[in-house]
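>>> Sequence first, then the predicted structure, then my questions.
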Amino acid sequence: IIIKEMIVKTEDIDKSKYSKIDVEFEDTPEGIDLVEPARADIHIERVSPGFIKAEGKISAKIKAKCDNCLKEFILNLDTTISEIYAETTLYEEYKSETEIKDNFFAIDLNGSGEIDLTDLMYQSLILAIPNKLVCDIKCIGLEETSKYIKKENQDPRLEVFKTIKTEKDE
């Protein structure tokens, strides 16, 4: 299914064969500086009464600025997603203390009956962006800051990393 609106209704999942929908779409979530629309390929299915699972891949090219040298570059992101949605509110069901089992974290739809794929894409991309953005593995930064990098008496065990080749070296 290729959709134009980035909302999937839970009733559409139930009406589909085997309660499964495959969705491919492109979107530009607000708040992320994309070079082109991000692409998503998501498989959505009902896994049990009241619970829906969304799994897939999201790819994007994001405009970024290197934290070392401040040069702008394109960050290619490819991330996988796996989310579980609870159709009704979980709070009423679990008023008392409840043990959370491994990997059981559900997004509460609060009975809305809709999954916002743009929001899912946004959250997945934001979480996939590294904490430190570096344009190249060998980037030492601005000339002003490079004087603070210790160049002598480095640990000899790290010498092996000097032989790493990057795409720019080829």
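Okay, I see it. Residues are numbered from 1 along each chain as shown.
>>> residues making contact with the lengthiest helix in the chain?
Scanning the chain for the longest helix, with DSSP state H as the assignment, gives helix 117-128. Helix 117-128 is contacted from outside by 3, 6-8, 23, 25, 27, 29-32, 38, 40, 42, 54, 58, 60, 62, 77, 79, 81, 83, using C-beta atoms under 8 Å, 6 or more residues apart in numbering. In short, each C-beta sits where N, CA and C put it, glycine included.
>>> what's the answer for stretch 134-144, then?
With C-beta under 8 Å, 6+ apart as the test, stretch 134-144 has contacts from 66-71, 73, 146, 149, 164, 166, 168.
>>> any idea which of those residues is closest to residue 110?
Distance to residue 110, by C-beta to C-beta, is smallest for residue 67 among the contacts of stretch 134-144, at 38.2 Å.
>>> and that closest one, how many neighbours?
By the measure other C-beta atoms under 10 Å, the count of residues near residue 67 is 14.
>>> With adjacent residues omitted, what lies nearest to residue 115?
Once flanking residues are discounted, residue 115 sits nearest to residue 8: 4.6 Å by C-beta to C-beta, 6 or more residues apart in numbering.
>>> Is it correct that residue 32 is in contact with residue 61?
No - look at residue 32 against residue 61 with C-beta atoms under 8 Å: they stay out of range, at 10.5 Å.
>>> For this structure, name the helix or strand with the lowest mean pLDDT.
helix 90-93 (a mean of 56; mean pLDDT, DSSP states H and E).
>>> Check which strands are paired with whichever helix or strand comes after it and give the direction for each one.
Going down the chain from helix 90-93, the next helix or strand is strand 106-108, by DSSP states H and E. For strand 106-108, the paired strands and their directions (DSSP bridges) read strand 72-86 (parallel).
>>> centroid residue for the chain?
Centroid-nearest residue in the chain: residue 124, 2.6 Å away (criterion: C-alpha atoms, centre = their mean).
>>> I'd like the distance between it and residue 14.
Relative to residue 14, residue 124 is positioned 25 Å away (C-beta to C-beta, to the nearest Å).
>>> one step back: quick check: neighbours of the strand or helix carrying the residue nearest to residue 115 in the sheet, parallel or antiparallel?
For residue 8, the element it lies in under DSSP H and E is strand 7-9. Applying DSSP bridges, strand 7-9 is found paired with strand 114-116 (antiparallel).
>>> residues making contact with the partner strand?
6-10, 44, 52, 54, 85, 109.
>>> unless I'm mixing things up, residue 29 is touching residue 40, no?
No - the pair residue 29 / residue 40 is not scored as a contact, 10.3 Å apart, by C-beta under 8 Å.
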